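**Q** Got a predicted model here, sequence first, then my questions.
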Amino acid sequence: MLNENYIEIKDMMCKFADSEVAPLAHDIDHNSKIPDSLKAKMAENGFMGIYIPEEYGGAGMDYMSYSLLIEEVSRACASSGVFLSAHNSLAVWPILTYGTEDQKKKYLPKMASGEYVGCFCLSEPNAGSDPGTLATFAEDKGDHYELSGTKNWITNGGEASIAVVLARTTKSDNHKGITAFIVETKSEGFKVQKLEEKLGIKGSSTAQIHLDKVKVPKENILGEFEKGFKVALSTLDGGRIGIAAQALGIAEAAFRYARQYATERVQFGNPISHLQAIQFKIADMSTKIEASRLLIEKASELKDTKKPYSKEAAQAKLFASEAAMWITTQAIQTLGGNGYSKEYPVERHFRDAKICEIYEGTSEIQRIVIAASEFKSIS
Ligand code: CAA
């Protein structure tokens, strides 16, 4: 359960989300774009560097606070939630954790201020759930590397200044020989090939990136040489808590709308909230939301206290994203025909929920991670 301090933080995030983000959510979805003014406001509030220590210009908060931020912003607008989450979890975190002092001093202050948006380039056309087979190659050119390949499904790829890129430094067909690099997207040969048109989170840019002999100095290797697969998977462990929080925010938004609607919509002479069919839906939605919240809090607390959290992050993401899909479906059902219409927000929540079961590891991958951890615990 959240202590007083976190309740206050959540309240602050909630006020920001309700006043600054929620009024824009419909247009963000409709126009497939988050306004620059909103990104600037989120940066001014410290959300682009929420757990970057103050010495590097960040807000110096912890992962629990970050989870609360993603939940609240996603409740208002899932696109804005994932903009923050991909930047913080997938770009800031690996630089903060694996970066050299010089790398941290060079990149983190600009990432915290919002001047630099970050993205994470792991997936490829032929390497999604199985990233150990990625083909992007980094050729050693003496004092630098030349990176060539194609990266898919890159959240924030359309606007990022900094990319954490995973590339092979030794030719092999498995996870060994992969190195992580910090790449400045203004480098020659770094090209946004296309922006995806998507079912949901339409305001978030999802890009295919083409790297054509992109020159990267050797000092931009992130973490140990050829230990990039660990950098990538540990980054995703934390990212998965953020996606769980995003799913929770989406689910809450749909739940609250459906609950209110049920008290106002009259059929058979009474509000439909008098019908047990609706009451049971509300009860199950509420319970799944509470269970998601507790799993996210548990994973966040383990991460903050530097205990292992890979399994718990996978459990939080698996449960919260499947719950969000179910809850948004039930919210539409509660609203009936109105739920299917773009005049009501629940159809957006339904479209936005689906991606949570896919990105940063599908539900099937989360089950693999959880089962592997369970068997390991008895071996
Ligand atoms: N943290 C650090 N290291 C880890 C790890 C973790 N969580 N899990 C495994 N490893 C290490 C292992 O210890 C092993 O190391 P050694 O070689 O030294 O022994 C190595 O990684 C390989 O381990 P596995 O054999 O278990 O790896 P695998 O290839 O079988 O993969 C997997 C395991 C869980 C399926 C993993 O591949 C996975 O998580 N796949 C999903 C990838 C994913 O989430 N993709 C989404 C991309 S990001 C995105 O969505 C884009 C965006 O912008 C949002």
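**A** Received it, and whenever you're ready, just let me know what you need. Numbering: from 1, shown residues only.
**Q** my guess is Ala253 meets Ala353, correct?
**A** No: between Ala253 and Ala353 there is no contact under CB atoms under 8 Å: 9.8 Å. To be clear about C-beta, it is placed using only N, CA and C from the backbone, and glycine gets the same treatment.
**Q** Break this structure into its domains for me.
**A** 4-117, 119-227, 230-378 (automatic domain parsing).
**Q** Including distance to the ligand, mean neighbour count and mean pLDDT, could those domains go into CSV?
**A** Converted to CSV, the domains of the chain look like this (distance: least, CB to the nearest ligand atom, whole Å; neighbours: other CB atoms under 10 Å; pLDDT from 0 to 100):
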stretch, distance to the ligand, mean neighbour count, mean pLDDT
domain 4-117, 5, 20, 98
domain 119-227, 3, 19, 97
domain 230-378, 3, 20, 98
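**Q** in which helix or strand would I find the nearest residue to Gly200 once chain neighbours are set aside?
**A** Among residues not flanking Gly200 along the chain, Arg351 sits closest, at 3.5 Å (CB to CB, 6 or more residues apart in numbering). Per DSSP states H and E, Arg351 falls inside helix 346-354.
**Q** Using PDB, write down the CA coordinates of the next helix or strand after that helix.
**A** Next in sequence after helix 346-354, counting helices and strands by DSSP H and E, comes helix 363-378. Output in PDB follows, covering the C-alpha atoms of helix 363-378 (Å, rounded to 0.1, in the frame of the first residue of the first chain):
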ATOM      1  CA  SER A 363       2.100 -11.600 -22.800                       C
ATOM      2  CA  GLU A 364       3.500 -14.900 -24.100                       C
ATOM      3  CA  ILE A 365       7.000 -13.600 -23.400                       C
ATOM      4  CA  GLN A 366       6.000 -12.500 -19.900                       C
ATOM      5  CA  ARG A 367       4.700 -16.000 -19.200                       C
ATOM      6  CA  ILE A 368       8.100 -17.400 -20.400                       C
ATOM      7  CA  VAL A 369      10.000 -15.100 -18.100                       C
ATOM      8  CA  ILE A 370       7.700 -16.000 -15.100                       C
ATOM      9  CA  ALA A 371       7.700 -19.700 -15.700                       C
ATOM     10  CA  ALA A 372      11.500 -19.700 -16.200                       C
ATOM     11  CA  SER A 373      11.900 -17.900 -12.900                       C
ATOM     12  CA  GLU A 374       9.600 -20.400 -11.100                       C
ATOM     13  CA  PHE A 375      11.500 -23.400 -12.300                       C
ATOM     14  CA  LYS A 376      14.800 -21.800 -11.500                       C
ATOM     15  CA  SER A 377      13.700 -21.200  -8.000                       C
ATOM     16  CA  ILE A 378      13.400 -25.000  -7.300                       C
END
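**Q** Adjust the sequence numbering to begin at 766 for everything that follows.
**A** In the new count, where the first residue is 766, that last one comes out as helix 1128-1143.
**Q** which residues touch helix 1128-1143?
**A** The contact list for helix 1128-1143 (CB atoms under 8 Å, 6 or more residues apart in numbering) reads Ser894, Arg1005, Ser1075, Lys1076, Ala1079, Gln1080, Lys1082, Leu1083, Ser1086, Glu1087, Glu1122, Gly1126.
**Q** 6 Å - rerun?
**A** Taking contacts as CB atoms under 6 Å, 6 or more residues apart in numbering, the residues outside helix 1128-1143 that touch it are Ser894, Lys1076, Ala1079, Gln1080, Lys1082, Leu1083, Glu1122.
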